[in-house]
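# test case, fold it:
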Amino acid sequence: MDGRAVAGKAASATTRGVGATVGAQVRRLRHARELSLAELSRLSGVSRATLSGIESGKGNPTVETISAIAVALRLPLGDLLVDLVPQRPVLRHGTTAPETSKQELLERIGAGGFSEIWRIRIAGAGHRIDSPAHAQGTIERIVVLSGGLRAGPADAPVDLAEGDFVTFAADVAHFYQALRPGVDAVLVMTYPAAS
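Reported below is the predicted structural model:
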């Protein structure tokens, strides 16, 4: 296989990846806005068949099409290009120790939502804070500043140590529990904008 064929395959895979990201975002944000496919089609001027293809990840939308959809959803164009599925749901402290000082993007937050920053402090080992499911599409990100914390969905929590970072869907019941006394953590909660 020559270099052009390899480059063509790589470009095709990248296009499919972008198409799947855009499709997932359009579907999620359309539901968050409580719009039917027909209503989004009317507002955007994009046919229902095209929208259906985009949402299923099979479409290859043009920038003009994505822009029309973004306008109909009342969002900036870039919000449809952001993938909210965590690429690294848990990042352990020290996994990428820098040789020199640096800054590292843990995760990009966007896609037409609102974010809140919370501080979690739990004094005693074993103490637990339970949280009901938040709105569909809500994501939580936690970085542990000190102590040990068990956090996440009730059926799949993870144990975190000082410096660890986790991302999880918070539209299901979840909790935060101290594994050791003196938990201090920062939580960023992002939830879809109201329609």
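# which other helices and strands does the helix or strand hosting Glu116 contact?
Using DSSP states H and E, Glu116 sits within strand 113-122. Taking 3 or more CB pairs under 8 Å, 6 or more residues apart in numbering; DSSP states H and E as contact, the helices and strands that strand 113-122 lies on are strand 128-131, strand 174-178, strand 183-192. C-beta here means a position set from N, CA and C on the backbone, and glycine is covered the same way.
# kindly recompute the last result at 6 Å.
Where contact means 3 or more CB pairs under 6 Å, 6 or more residues apart in numbering; DSSP states H and E, strand 113-122 is packed against strand 183-192.
# residue ranges of the helices in this protein, please?
Secondary structure of the chain, counting by DSSP state H: helices at 3-32, 37-44, 48-55, 63-72.
# reformat those as a markdown table; add distance to Tyr191 and mean neighbour count.
Below are those laid out as a markdown table (distance: least, CB to CB, whole Å; neighbours: other CB atoms under 10 Å):
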| stretch | distance to Tyr191 | mean neighbour count |
| --- | --- | --- |
| helix 3-32 | 9 | 15 |
| helix 37-44 | 21 | 16 |
| helix 48-55 | 21 | 17 |
| helix 63-72 | 19 | 18 |
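# ok, back up a step: give me the distance from the strand holding Glu116 to the chain's centre.
15 Å (CA atoms, centre = their mean, to the nearest Å).
# neighbours around Pro192, how many?
Pro192: 21 surrounding residues under other CB atoms under 10 Å.
# okay then, goodbye and thanks.
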